[in-house]
Each structure stands twice: as structure tokens, then as C-alpha cells.
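Asker: fold the following.
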Amino acid sequence: MKTKELIEILQKADPSGECHVRVNTESGAGTPLGAERVPGYYDGCYSYVEDGIMHFSIEGNKVDLHIMDEEGWAENYPETWEDKIDFHFGAYVYKEHQDEKIKRIKKAMSDVSKEMREINQAIQDRQLPEMIEKVNNDWEIIDESKDKIDPTKIYFKKGLKKDRLVTGYIKILYKTDFFKKEGNKWVLNT
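Answerer: As a prediction, this is how the structure comes out:
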């Protein structure tokens, strides 16, 4: 499907353009957060359906829709997710069912939040000393990301040598105050 076809489908489903959008997949539902145009090869192969055939490609460009479910929301905001949710059931759901649904959602988000805090702490405990040691041994952290975090554009550099940063390192850079960005480099925040 091409973007113009998706726009046509959306306009047919909601001519006023006032409805909220939910994405249904076989594994559940999610909330669209945004979209971006990227090269077809970016993040690997993509698929699309055309004339009843599923095609797989890395050619041209694609538009990635960024989707988030409730657990993903709690994962992104492990400390503050409760401040970033709200419920609107109106008269369509009985009060008892509302309470059950709210309790279920909050429990799932709380579990994910707790797990992410533990994972982030473990990452920090193990990988922060590794990063500091490397920086103290004359490695620089170069970040050529533009408008958004791009892990493929962040790396250690020492002379002509380059090493990729693992995901945990990138989380430490962007989600803690141990490092600060100066231009296209991350330096220890001392």
C-alpha cells in the first residue's frame, strides 16, 4: 500500500478527520505516534501488499508508522507513566467494568515499568563503568545523528578505529546525566 492509498482509506473511513486512530495487528493493538520517510533499506527489509501479493523489498523509500502499545508507553516512561495516562470511558462502560479495565491496564504498565527500571539499573551498573573506562583511554563518542537518535550514527572513535555502541550505552547517553553532548561528541559530565 502506498501513502496516497492509506490517506484515501482513512478519508473514506472518517471524512471529517476527527476520529482517533488505532492500529490493529494480529498481536494486539497500538497507538500511532508519528510517521517518517526513510530509505527502503533502513532497518532492513519492508513488506507491502499490492494486487493481492505480499512483496518484500529494500528498494526506494518507505514511510514508517511509529506505533506504541500500553506496555511500550510504560517502557519509555518507566518513572512517570502514571502522569502520562488518562481514561475516558463515558457512559458506554459500566463503572465496575471501568474499574476492572483501569486496574488491568495500570497493573500491566506497572509491571513493565518495574522491569524496565531494573533493566536500566543493570545496564547502568554494568555498562557505565565500561564507557567511562573507554573514554578515559582516549576513545571519543561521536554522534552523527541528526533530528532523532540513530544508533547507526553513534560510535566510539580512537584514531582510525571505530566501535559501535550497544543499545545500553546509547540509553546511558540519552537517559542519564553522566554524559553531555557537545557538538557531535558526548563527553563525561564532570
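Asker: just the buried residues of the longest strand seen in the chain, please?
Answerer: The longest strand of the chain (DSSP state E) is strand 28-39. For strand 28-39, burial by neighbour count (16 or more other Cβ atoms under 10 Å) applies to Gly30. C-beta coordinates here come from the backbone N, C-alpha and C atoms, glycine included.
Asker: and if you look at stretch 105-119?
Answerer: 106, 109, 112-113, 116.
Asker: of the residues you listed, just say which sits nearest to Thr176.
Answerer: Met116 (14.0 Å; Cβ to Cβ).
Asker: name the nearest residue to the closest one, sequence neighbours excluded.
Answerer: In this structure, Met116 finds its nearest non-sequential neighbour in Pro78, 4.1 Å apart by Cβ to Cβ, 6 or more residues apart in numbering.
Asker: may I have the secondary structure class of the one you found?
Answerer: coil (DSSP: H, G, I helix; E, B strand; the rest coil).
Asker: now it: phi and psi?
Answerer: phi -60, psi -20 (degrees, to the nearest 10).
Asker: who are the contact partners of it?
Answerer: 112-114, 116-117, 120 (Cβ atoms under 8 Å, 6 or more residues apart in numbering).
Asker: and the residues you listed, which of them are in helices?
Answerer: Within the contacts of Pro78, residues falling in helices by DSSP state H are 112-114, 116-117, 120.
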